[in-house]
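>>> can you look at this prediction? I've put the sequence above it.
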Amino acid sequence: MKRQLYIFTEKCVGCKSCELACAVAHSQSKDLWLAVAERPSPEARIRIQAVRGAPAPLYCRHCKNAPCVQVCPTGAMSRPDPNGPVLCQSALCTGCGLCVPVCPFGVLRLDREGKVIVKCDLCVELQEDGREPACVTACPTLAIRSISDEETLALEIVPEKCTGCGVCARRCPQKAISGERKQAHMIDQQLCIQCGLCRDACKFGAIRVTISSPDAVKVEI
């Protein structure tokens, strides 16, 4: 994937700057003041929602074996680039909504008119110009991190901190976490989509996020 996003939910203050920037980036004019008068009004592909009493940005995680792509009857949901994001082609979308209930993150929804699906596309147009996704640029607390295609992000379980409670495994939509009860669990990096749900669910701080750069330097963040 050209870039991927990771959300540090503990840094989100619910300001909704990401929503505004996303809507403008997907408007016709790409200008805040002009976008206000556009009809239909531009819509954000990311949204802030309260999760367990705290604000958290919700957006498409671009699953490796995306259920939305599998159930789409018209081919509107697809991944044109094997290493790119899952995109929705509005011209092909009939608004049937079959993709909505199968999304493991509950982020797919119809537009205000109920005609087509609106979803995160990782701002592919901005990336083609060498820029960051709009939500990343707009976030004042750096809660949304962009990982370049030259970096590798991974979530890892710290064995000495893991109690084997299994909460992380139950929260994982990809079934990437396994292990015996009361024993340290492991994350299958081939299945993991770095959504961070396991890290948010762990009460023991046993899951860390690392970024490996091209020079093989690993940094914990």
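Received, thanks. Residues are numbered from 1 along each chain as shown.

>>> got the contact list for Gln189?
When contacts are counted by CB atoms under 8 Å, 6 or more residues apart in numbering, Gln189 touches 154, 176. In short, each C-beta sits where N, CA and C put it, glycine included.

>>> when you give positions from now on, start the count at 7
Sure, I'll start counting at 7 from here, so that last one is Gln195.

>>> all helices of this protein, in order?
Ranges of helices in the chain, per DSSP state H, are 23-31, 38-41, 73-77, 105-108, 130-134, 140-144, 173-177, 203-207.

>>> now mean neighbour count and distance to Leu64 too, for the ones you listed, in JSON lines please.
As requested, the helices of the chain are exported to JSON lines (neighbours: other CB atoms under 10 Å; distance: least, CB to CB, whole Å):
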{"stretch": "helix 23-31", "mean neighbour count": "21", "distance to Leu64": "10"}
{"stretch": "helix 38-41", "mean neighbour count": "12", "distance to Leu64": "22"}
{"stretch": "helix 73-77", "mean neighbour count": "17", "distance to Leu64": "15"}
{"stretch": "helix 105-108", "mean neighbour count": "16", "distance to Leu64": "14"}
{"stretch": "helix 130-134", "mean neighbour count": "15", "distance to Leu64": "19"}
{"stretch": "helix 140-144", "mean neighbour count": "22", "distance to Leu64": "11"}
{"stretch": "helix 173-177", "mean neighbour count": "18", "distance to Leu64": "15"}
{"stretch": "helix 203-207", "mean neighbour count": "21", "distance to Leu64": "11"}
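
>>> quick one: closest of those helices to Arg118.
Arg118 sits nearest to helix 23-31 of all these, at 11.7 Å, using CB to CB.

>>> return the list of helices and strands in contact with that closest one.
Where contact means 3 or more CB pairs under 8 Å, 6 or more residues apart in numbering; DSSP states H and E, helix 23-31 is packed against helix 38-41, strand 53-57, helix 140-144.

>>> the protein: strands as residue ranges?
Counting by DSSP state E, the chain has strands at residues 9-13, 53-57, 60-64, 83-84, 93-94, 115-116, 123-124, 150-154, 158-163, 183-184, 192-193, 213-218, 224-226.

>>> those strands: which one's closest to Arg45?
Here strand 123-124 is closest among the strands of the chain (CB to CB), at 15.8 Å.

>>> leaving out chain neighbours, which residue sits closest to the residue of the chain most remote from its centre?
Most distant residue from the mean C-alpha position of the chain: Lys188, 30.2 Å away (CA atoms, centre = their mean). With CB to CB, 6 or more residues apart in numbering as the criterion, Lys188 has its nearest non-adjacent residue at 4.2 Å, and that residue is Gly170.
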